[in-house]
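Undergrad: Whatever this is, show me its structure:
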Amino acid sequence: MKKYSFIAIITIIFNIVPSFAQKDRTVAIIQSALKGWEYSLKAGFNIGGTAPLPLPEEIREINKYNPGMNFSVEGNATKWFDKDKTWGITVGVRLENKGMTTDATTKNYGMKIITPEGGMLEGLWTGGVYTEVKNSYLTFPILANYAISKRWKLTIGPYLSYMVDRKFSGYIYEGHLRTPDEHGSKVSFAGDSKPTYDFTNDMRRFQWGLQAGGEWKAFKHLTVHADLTWGLNDIFNKDFKTITFAMYPIYLNIGCGYRF
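TA: Next comes the predicted model:
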């Protein structure tokens with residue numbers, strides 16, 4: 001989804017929510033609060049990348065990195081188990097972008113390229129690789145809550161994500177491709193010759209991982225949060241063998257929210 005859509009959603013939320021909060025709560029919300037339920041809306045942005053861990057020997061150097069503009073909006077509900085609101089559990093739904101662009105120097109990096117003539121070549125690439133990742137997710141966090149004080153709380157738990165929109169593509173430059181392996185024939189590319197690649201359709205739709213973070217209650221209703229999300233399954237399908245190592249989305253989400 002375009003970043004402008006997220007900006008529009010965030011603008012609507014932070015214009016509607018304050019006016020709504022000035023009115024009396026509905027009977028349903030009051031009854032829920034008495035039973036230990038709490039609701040909030042959050043907005044933020046993701047900083048991070050989709051990367052292998054540890055960095056494999058095929059990637060010799062990261063020349064450039066740009067995290068891009070990755071927005072998120074979220075609604076969640078928290079159930080507190082005690083009157084002091086020390087322990088609780090949060091379930092939510094989040095619409096978010098996770099993306100980046102990188103430029104790396106590689107050696108014997110698995111690659112399947114589209115040649116300038118429109119053909120396909122697969123083998124091991126040595127040279128420059130430019131990569132663009134732009135993914136949109138519908139994410140469902142399930143988090144345990146621990147309140148350190150009336151203003152601070154910590155959260156941790158798993159999340160499930162469905163990839164609504166996806167992109168993993170780029171181009172190679174200034175190097176050579178050995179096909180089908182490192183002992184095979186050599187095809188060189190230099191200058192303006194920059195064959196492209198596209199692994200978008202090889203990405204898995206369902207992903208999962210862990211989320212951990214903290215939230216600070218700045219005012220009666222306004223909160224500030226920082227959450228680290230760490231993917232635990234490879235972003236590519238099991239039958240995708242071109243890239244020989246697993247890659248995981250690792251992002252830090254920073255933003256603010258409105259607690260009803």
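
Undergrad: What helix or strand is the residue nearest the centre of the chain located in?
TA: When CA atoms, centre = their mean is applied to the chain, the residue found nearest the centroid is Lys98 (3.5 Å). Using DSSP states H and E, Lys98 falls within strand 87-114.

Undergrad: just how off-centre is that strand within its chain?
TA: 6 Å (CA atoms, centre = their mean, to the nearest Å).

Undergrad: Same question for stretch 144-152.
TA: Distance, centroid of stretch 144-152 to centroid of chain: 25 Å (CA atoms, centre = their mean).

Undergrad: Put the alpha carbons of it into CSV.
TA: Extracted in CSV, the C-alpha atoms of stretch 144-152 (Å, rounded to 0.1, in the frame of the first residue of the first chain):
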residue,chain,number,x,y,z
ALA,A,144,1.7,-10.3,27.7
ASN,A,145,1.7,-7.0,29.7
TYR,A,146,3.6,-6.1,32.8
ALA,A,147,3.1,-2.6,34.3
ILE,A,148,6.2,-1.4,36.1
SER,A,149,4.3,1.7,37.3
LYS,A,150,1.2,3.7,36.4
ARG,A,151,3.0,5.2,33.5
TRP,A,152,5.3,2.4,32.2
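
Undergrad: The chain: strands as residue ranges?
TA: Using DSSP state E, the strands of the chain run over residues 37-51, 59-66, 71-80, 87-114, 120-147, 152-165, 168-179, 185-189, 196-198, 206-217, 222-231, 248-259.

Undergrad: So which elements touch the fifth one?
TA: So the one you mean is strand 120-147. Contacting strand 120-147 under the criterion 3 or more CB pairs under 8 Å, 6 or more residues apart in numbering; DSSP states H and E are the following elements: strand 37-51, strand 71-80, strand 87-114, strand 152-165, strand 168-179, strand 206-217. Every C-beta, even on glycine, is put in place using the N, C-alpha and C of the backbone.

Undergrad: avg pLDDT for the strand holding Lys98?
TA: On average, the pLDDT along strand 87-114 is 96.

Undergrad: any idea of the angle that strand forms with strand 222-231?
TA: Interaxial angle of strand 87-114 relative to strand 222-231 (axes from the mean of the first three to the mean of the last three CA atoms, to 10 degrees): 50 degrees.

Undergrad: what comes up buried for strand 87-114?
TA: For strand 87-114, the neighbour count (16 or more other CB atoms under 10 Å) marks 88, 90, 92, 94-106, 108-113 as buried.

Undergrad: and what of stretch 60-70?
TA: Buried-residue list, stretch 60-70, by 16+ other CB under 10 Å: Pro67, Gly68, Asn70.

Undergrad: got the CA positions of that stretch in CSV?
TA: What follows is stretch 60-70 as a C-alpha-only set of coordinates in CSV (Å, rounded to 0.1, in the frame of the first residue of the first chain):
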residue,chain,number,x,y,z
ARG,A,60,31.1,-9.0,1.6
GLU,A,61,30.0,-5.4,2.3
ILE,A,62,26.9,-3.2,2.7
ASN,A,63,27.6,-0.1,0.6
LYS,A,64,24.3,1.7,1.2
TYR,A,65,21.2,1.3,3.2
ASN,A,66,17.9,3.3,3.2
PRO,A,67,15.1,2.2,5.6
GLY,A,68,12.4,4.2,3.7
MET,A,69,9.1,5.4,5.0
ASN,A,70,7.3,2.5,6.7
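
Undergrad: what's next to that stretch, contact-wise?
TA: Stretch 60-70 is contacted from outside by 3, 45-49, 96-107, 128, 134, 251, using CB atoms under 8 Å, 6 or more residues apart in numbering.

Undergrad: how about a cut-off of 7 Å?
TA: The contact list for stretch 60-70 (CB atoms under 7 Å, 6 or more residues apart in numbering) reads 3, 45-49, 97-107.

Undergrad: same question, stretch 246-253
TA: The contact list for stretch 246-253, computed with CB under 7 Å, 6+ apart, reads 44, 46-53, 72, 98, 226-231, 234-236.

Undergrad: Having no further points to raise, I will conclude here.
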